[in-house]
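Asks: Dropping the sequence and predicted coords here.
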Amino acid sequence: MTITIGNKKIGGREPVFIVAELGINHNGSLSLAKKMIKAAKQSGADAVKIQSFVTEDFVGDKKLKYTYRSRGKSVTESQYDMFKRNELTKKAQSDLFNYAKNINIIIFSTPQDNSFKTVNFLCGAQLNMPAIKVGSDDLTNLPMLSHYAKKKKPMIISTGMGTLSEIKDAVTTIKKEDNTKIIILKCTSLYPTQPQQANLAQIITLQKHFPDLIIGFSDHTSGSTAAVISVVLGAKVIEKHFTLDKNLPGPDHWFAADPTELFLLVRQVREAETMLGRTDFNLSKEELKMKKIARRSIMAAQDIAKGRVIAYEDLTCKRPGTGFSPKHLLRFVGKIAKCDYKKGYIFTKKDL
């Protein structure tokens with residue numbers, strides 16, 4: 001199965017689709033967001049993702065606190081205040097979509113409002129974003145998923161904090177709207193995710209339970225090791241939190257990949273894809289050439305006169321591999337020599 005997002009095909013034997021998640025690491029600054037998009041493009045990402053929200057639409061309690069690490073210190077503040085200062089206006093989002101288009105990188109967003117005004121705006125004629133991302137926090141918001149699915153856009157759903165049953169409910173809800181363009185991202189909603197909590201083997205579980213869908217990985221770990229492992233396990237999409245500077249203020253900067261780290265992640269993922277190669281054992285021209293040099297052939301260990309019964313001691317197996325394979329050695333033992341064989345003669349099928 002393949003799904004097209006923008007100008008990229010995803011799934012099957014297509015290259016892994018790598019998304020730089022800007023999240024709220026633009027700190028509410030349009031200029032910083034544009035710099036991030038450009039840096040993500042230069043680092044080799046296929047796409048960037050933003051978050052589109054009106055804080056009042058998803059934070060119901062303004063006193064709800066959130067504690068995070070920023071600039072080496074623990075910060076506790078109101079979730080409402082944190083998200084409010086990172087909101088992007090519709091004009092700012094339009095500017096970012098246009099900027100991404102101008103530098104030829106795919107952009108899409110995670111809309112987060114129960115009124116659906118945001119997703120309607122993003123999927124409307126003006127922006128017409130190519131895919132809808134659903135965050136882990138909305139995995140069980142089935143009415144929202146149903147509305148999103150009606151847009152007939154590819155849907156990428158993260159599964160952090162989710163049970164297998166909840167993931168199945170989400171997929172069923174989307175499919176009921178006749179939308180099968182679904183990408184499921186294995187995700188752990190811990191920031192950052194420690195190695196012992198990554199549970200990348202769940203990618204295999206998702207492949208087993210959703211064989212008709214594309215499986216990917218939303219990576220909240222530090223570094224690129226998890227992303228590379230996910231590719232080996234079959235992930236076709238990787239989403240990675242991204243920042244220009246780990247020392248900027250905010251909850252996600254310190255563990256997000258900076259441009260150098262994202263560049264390394266992209267390079268290592270591409271190397272992993274190349275190294276995985278094919279599943280068949282059809283040898284390349286280069287290896288066939290090496291086979292003739294490095295394999296052994298059945299060879300006369302000493303002079304063998306015509307008419308003599310060939311003994312095991314008369315034979316040896318040495319390089320090159322241009323003659324009969326050693327696996328046939330016993331077929332020569334007990335045979336009558338058809339002619340005189342000098343020491344070092346390489347036997348072939350015609351000598352049997």
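Replies: Yep, that arrived.

Asks: in this protein, which spans are strands?
Replies: Secondary structure of the chain (DSSP state E): strands at 3-5, 8-10, 17-23, 47-53, 65-70, 73-78, 106-112, 132-134, 155-158, 182-187, 214-219, 237-241, 297-300, 315-318.

Asks: Export these as JSON lines, with columns for distance to S165, mean neighbour count and mean pLDDT.
Replies: C-beta here means a position set from N, CA and C on the backbone, and glycine is covered the same way. Converted to JSON lines, these look like this (distance: least, Cβ to Cβ, whole Å; neighbours: other Cβ atoms under 10 Å; pLDDT from 0 to 100):
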{"stretch": "strand 3-5", "distance to S165": "24", "mean neighbour count": "20", "mean pLDDT": "98"}
{"stretch": "strand 8-10", "distance to S165": "26", "mean neighbour count": "18", "mean pLDDT": "98"}
{"stretch": "strand 17-23", "distance to S165": "26", "mean neighbour count": "26", "mean pLDDT": "98"}
{"stretch": "strand 47-53", "distance to S165": "27", "mean neighbour count": "24", "mean pLDDT": "97"}
{"stretch": "strand 65-70", "distance to S165": "28", "mean neighbour count": "14", "mean pLDDT": "94"}
{"stretch": "strand 73-78", "distance to S165": "33", "mean neighbour count": "11", "mean pLDDT": "95"}
{"stretch": "strand 106-112", "distance to S165": "23", "mean neighbour count": "24", "mean pLDDT": "97"}
{"stretch": "strand 132-134", "distance to S165": "17", "mean neighbour count": "25", "mean pLDDT": "98"}
{"stretch": "strand 155-158", "distance to S165": "14", "mean neighbour count": "26", "mean pLDDT": "98"}
{"stretch": "strand 182-187", "distance to S165": "14", "mean neighbour count": "25", "mean pLDDT": "98"}
{"stretch": "strand 214-219", "distance to S165": "17", "mean neighbour count": "28", "mean pLDDT": "98"}
{"stretch": "strand 237-241", "distance to S165": "23", "mean neighbour count": "25", "mean pLDDT": "98"}
{"stretch": "strand 297-300", "distance to S165": "61", "mean neighbour count": "22", "mean pLDDT": "98"}
{"stretch": "strand 315-318", "distance to S165": "60", "mean neighbour count": "17", "mean pLDDT": "98"}
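
Asks: Quick check: which of those strands is nearest to A170?
Replies: strand 155-158 (5.8 Å; Cβ to Cβ).

Asks: The closest one pairs with which strands, and in what direction?
Replies: strand 132-134 (parallel), strand 182-187 (parallel) (DSSP bridges).

Asks: longest helix anywhere in the protein?
Replies: helix 259-276 (DSSP state H).

Asks: Quick check: can you list the domain ranges of the chain?
Replies: Listed domain ranges for the chain are 3-276, 285-351 (source: automatic domain parsing).

Asks: Buried deepest among these, which one?
Replies: Highest mean neighbour count among the domains of the chain (mean count of other Cβ atoms under 10 Å): domain 3-276, with a mean of 18.

Asks: and the gap between the residue sitting furthest away from the middle of the chain and K338?
Replies: The C-alpha centroid of the chain is most remote from G307, which lies 64.9 Å away (Cα atoms, centre = their mean). From G307 across to K338, the span is 9 Å (Cβ to Cβ, to the nearest Å).

Asks: hmm, back to that, turn the strands paired with strand 155-158 into TSV, columns for distance to E77.
Replies: TSV is the format used below for the strands paired with strand 155-158 (distance: least, Cβ to Cβ, whole Å):
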stretch	distance to E77
strand 132-134	25
strand 182-187	24
